[in-house]
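> model this:
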Amino acid sequence: MGIVLAGRQLIRPHAGDIRKQLESILSAAVGRGKPIRNAVLCVSKGDGSFTWCGAAGAANQEGKAPMTPATPFYIASTTKLFTATAVMMLYEKGLIALSDPIAKYLPERTIHGIQVYGGHDFSNEITVEQLLAQTSGIPDYYDEKGKDGKTLFEIFKADQQRRWTVDEEIARARDEMTPRFRPGAKAFYSDTNYQLLGKIIEARTGKPLQAVLEEFFFRPLGLKHTWLVGLSESLAKPAAAPANVFSKDEDITRMRASTFYWADGGIVSTTEDLILFMKALQQGRLVRTDTLAKMHRWRPLSNTGMPFQYGFGTMEFVVPSLINRIVKVPAIWGHSGSIGSFLYYAPELDLYMAGTVDQESDKGAPIMLMVKIMKAFQHMKHGKQRQTACLRPPQLRIAVRWSPSRQSMFS
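Residues are numbered from 1 along each chain as shown. Presented below is the predicted three-dimensional model:
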C-alpha cells in the first residue's frame, strides 16, 4: 500500500458549519456502486468544546437497519491499543517488567520453538517489550501463509462456522511459519505477539482477559457499549448487534463474531466509547505520561508500504515530508483495524477521531476520511474559509497494492 500524489488543484473548501462538512465527508464515503456499505464517525476536541458523531448506510444488510452513531462495530486490531495499555498498567503496578523474557510468564508448551532463526532458538529470550513493539520476529498466524499455502484469514473466510482456539493460532505460527529475523532487529506486524500478550495478562492477573478489560477500562471509564466478542457482554442492556462487515461484496460478519479474535482484535465498541478510552489514555488517566512516552517509541513497520510507525500497541501515521509540504496534514497516533476501524488522536489539532467503514478491501478509506476531517478543522482553526492552493483530498489517493499475504493486516 502506498501514497500516490495525483496532482494539485485549486479548490474552495466547503462553506458553512463544520458539522455540515463532516456530514458531507461521511456521506460521500458510502453509496451505490461503492464498496463501503456503512460507516460511522465521531470527532471530538480534547477540551470538550466540540463533538460530532454521524453515520451512513445500513448496519444490517438483511433487515436494512440504519447505521447510527450508537451502532456497535468490530474494532479489529484497534483492540491492540487496549491490550497494550493493560500491559503497561500492569508494568506500572510492578507485575510485569518490559525487559523480562516472556518465558518468565508463559508455560514452555506455549512458547517452545516459536522463534527459531538462523539455527538459534530465541524462544526463551524474547521479551515483553519485543511483543509490544512488534520486534519479536514471531510470524503472524493470521496474515502469513501456512503449509497449506493459505492465510488464516482466507481459511476463516472460507469456513466461518469453524472455531479456532488461541492456542491453535499460536501453534500455527510456531509449526507452519518461519521467523523473518532475530528478535529486536526490526518491527514486523504480527498478531501472534498480541495473542501472547493476552496470555501474559491472564497469567499475571489470574483472571480471564475479558474480566481484566472490564476492570481496567469498561467499568471505570463508563464504556457501556464495549465488550470482548463471545466472552463478555455490553454493560448496557439490551445491546444492539454489531454492524455487518464486508470483504468486497462478501459478508464476513459471522467470521468477525468468533472468539478466535481475542487480545489481537476481538473488541466490539462504539465511537463514543472509543473516544472516552482514547481521551483517558492521552490525558494520563490510565497510565503516567512517562509510560505513554514509552508506548510512543516509534519504529517503522517493515511489512507495510504505508508511512506507519509502531510503538507499544500504538501506530503513528505521518505523511512523508515531500508530500506534506503540499497537503500539510498533521501527524496522528492511535491504531487501525483491517476492516476499516480506526481510533486516532491529532495532537496539533487536539482532535480525536473514531469510526469504521466496515470494509476489509478498502484499506485507504479510513485514512482518507481522517485527512479530510483534519483539513476541515485546519480551515476552521485558521478562522476562515478561503480559496487555497492545496491537494484536493480525493486526489490524495491511497493506492492499495497488497499482495495476498498482506491483505488482512491490522486484524
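> Need the pLDDT of the spatially closest residue to residue 39 that is not a sequence neighbour.
Nearest non-adjacent residue to residue 39, counting by Cβ to Cβ, 6 or more residues apart in numbering: residue 357, 4.7 Å away. Yep, even glycine has a C-beta here, placed from its N, CA and C like the rest. For residue 357, the model assigns a pLDDT of 97.
> what number of residues lie near residue 357?
32 (other Cβ atoms under 10 Å).
> ok, it to residue 53 distance?
15 Å (Cβ to Cβ, to the nearest Å).
> Excluding sequence neighbours, find me the nearest residue to residue 176.
residue 146 (3.8 Å).
> Could you verify my assumption that residue 352 touches residue 50?
No - contact criterion Cβ atoms under 8 Å: residue 352 and residue 50 do not qualify, at 10.4 Å.
> For the stretch 101-250 of the chain, just list every one of the strands.
116-117, 120-121, 227-228, 246-247, 250-251 (DSSP state E, counting those that start in this stretch).
> Of all those strands, which one is nearest residue 161?
strand 250-251 (13.9 Å; Cβ to Cβ).
> Can you tell me the strand partners of that closest one and which way each runs?
strand 246-247 (antiparallel) (DSSP bridges).
> Relative to the whole chain's centre, how far out is the partner strand?
Here strand 246-247 is found 17 Å from its chain centre; the criterion is Cα atoms, centre = their mean, to the nearest Å.
> Show me the contact partners of that strand.
35, 37, 157, 252, 358, 359, 360, 361 (Cβ atoms under 8 Å, 6 or more residues apart in numbering).
> which of those residues has the most neighbours?
For the contacts of strand 246-247, neighbours tallied by other Cβ under 10 Å; top is residue 358, 32 neighbours.
> isn't that residue right up against residue 38?
Yes - using Cβ under 8 Å, residue 358 makes contact with residue 38 at a distance of 5.4 Å.
> quick one: common contacting residues for these two?
Joint contacts of residue 358 and residue 38 (Cβ under 8 Å, 6+ apart) are 243, 244.
> Low-confidence regions, the stretch 101-250 of the chain specifically.
Scanning the stretch 101-250 of the chain for pLDDT under 70 picks out no residues.
> And residue 196, how far from residue 262?
Counting by Cβ to Cβ, the gap from residue 196 to residue 262 is 11 Å.
> Counting neighbours, what do you get for residue 159?
That count, for residue 159 with other Cβ under 10 Å as the rule, works out to 10.
> and if you look at residue 263?
Per other Cβ under 10 Å, the neighbour tally for residue 263 reads 29.
> That one in helix, strand or coil?
What DSSP: H, G, I helix; E, B strand; the rest coil gives for residue 263 is coil.
> Roughly how far does the residue nearest to it when sequence neighbours are not counted sit from residue 212?
Spatial nearest neighbour of residue 263, chain neighbours left out: residue 198 (2.6 Å); criterion: Cβ to Cβ, 6+ apart. Distance, residue 198 to residue 212, using Cβ to Cβ: 9 Å.
> Could I get the phi/psi values of the residue nearest to residue 176?
phi -90, psi -170 (degrees, to the nearest 10).
> between the contacts of strand 246-247, which is nearest residue 241?
Residue 241 has its nearest neighbour among the contacts of strand 246-247 in residue 358, at 12.8 Å by Cβ to Cβ.
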